[in-house]
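K.L.:
Kindly generate the corresponding structure for this input.
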Amino acid sequence: MAEAIVFIDSEIGVSDKKIADLGAVKENNIQFHSPSIRDFSAFIADAAFLCGHNIIHHDLYYLRPLLAQPLSAKPIDTLYLSPLLFPERPYHALLKDDKLQTDELNNPLNDAEKARRLFYDEVNAFCEEEGYLLRLAELIGGVSGIFLLYGVPPALSRPRAGDQAGVFRADL
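P.N.:
Next comes the predicted model:
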């Protein structure tokens, strides 16, 4: 059975543009943290969707050529959803509150978990939206239409068993 979403992040060397580290977390909280492309490829093999912050123009740009087999999972990029759902925010970068100094390397596992939290914040914001996003969604295929546009599974347009009606969350 395919994992619905695997949240990922990569750290790329500034000068050599090579993968320095990889992090990922599945919805069931199984985690991956290693620079091994081979092990990462195996970890995401059953994913229906890969979600990350700037995944399309950063992570997948470097990962696709190195993966063991062509990527079948659809990407979900929280960077593009954030300004639509949180237009009042002045910027849309992931907060790096786990970094004590600016010259420290990023931790891709932490960033994958932050992308997961942001994604579910975005899903909740979308469900609360009564304006143009819902009208747009209706035009392109129902409430889940705008998320389908970005490759989000339609199951996220419905609460999971045990969830409060209309509230979606990652099991953190």
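K.L.:
For burial, what's the neighbour tally of L81?
P.N.:
For L81, the count of nearby residues is 24 (other CB atoms under 10 Å). Using the backbone N, CA and C atoms, a C-beta is placed for each residue, glycine as well.
K.L.:
was I right about it contacting N124?
P.N.:
No - using CB atoms under 8 Å as the test, L81 is too far from N124 to be in contact (11.8 Å).
K.L.:
need the longest helix for the chain.
P.N.:
helix 108-128 (DSSP state H).
K.L.:
list the helices and strands that helix packs on?
P.N.:
Judged by 3 or more CB pairs under 8 Å, 6 or more residues apart in numbering; DSSP states H and E, helix 108-128 is in contact with strand 3-12, strand 19-26, strand 31-34, strand 47-52, helix 78-85, helix 145-149.
K.L.:
rerun that using 7 Å as the cut-off
P.N.:
strand 3-12, strand 19-26, strand 47-52, helix 78-85 (3 or more CB pairs under 7 Å, 6 or more residues apart in numbering; DSSP states H and E).
K.L.:
Output it as PDB, restricted to C-alpha atoms.
P.N.:
Output in PDB follows, covering the C-alpha atoms of helix 108-128 (Å, rounded to 0.1, in the frame of the first residue of the first chain):
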ATOM      1  CA  PRO A 108      16.800  18.300   6.700                       C
ATOM      2  CA  LEU A 109      14.800  16.000   9.000                       C
ATOM      3  CA  ASN A 110      13.800  19.000  11.100                       C
ATOM      4  CA  ASP A 111      12.800  20.900   7.900                       C
ATOM      5  CA  ALA A 112      10.800  17.900   6.600                       C
ATOM      6  CA  GLU A 113       8.900  17.900   9.900                       C
ATOM      7  CA  LYS A 114       8.300  21.700   9.600                       C
ATOM      8  CA  ALA A 115       7.100  21.200   6.100                       C
ATOM      9  CA  ARG A 116       4.600  18.700   7.400                       C
ATOM     10  CA  ARG A 117       3.300  21.100  10.000                       C
ATOM     11  CA  LEU A 118       3.100  23.900   7.500                       C
ATOM     12  CA  PHE A 119       1.200  21.700   5.000                       C
ATOM     13  CA  TYR A 120      -1.400  20.800   7.600                       C
ATOM     14  CA  ASP A 121      -1.700  24.400   8.600                       C
ATOM     15  CA  GLU A 122      -2.300  25.200   4.900                       C
ATOM     16  CA  VAL A 123      -5.000  22.500   4.600                       C
ATOM     17  CA  ASN A 124      -6.700  23.900   7.700                       C
ATOM     18  CA  ALA A 125      -6.500  27.500   6.400                       C
ATOM     19  CA  PHE A 126      -7.900  26.300   3.100                       C
ATOM     20  CA  CYS A 127     -10.900  24.600   4.900                       C
ATOM     21  CA  GLU A 128     -11.600  27.900   6.800                       C
END
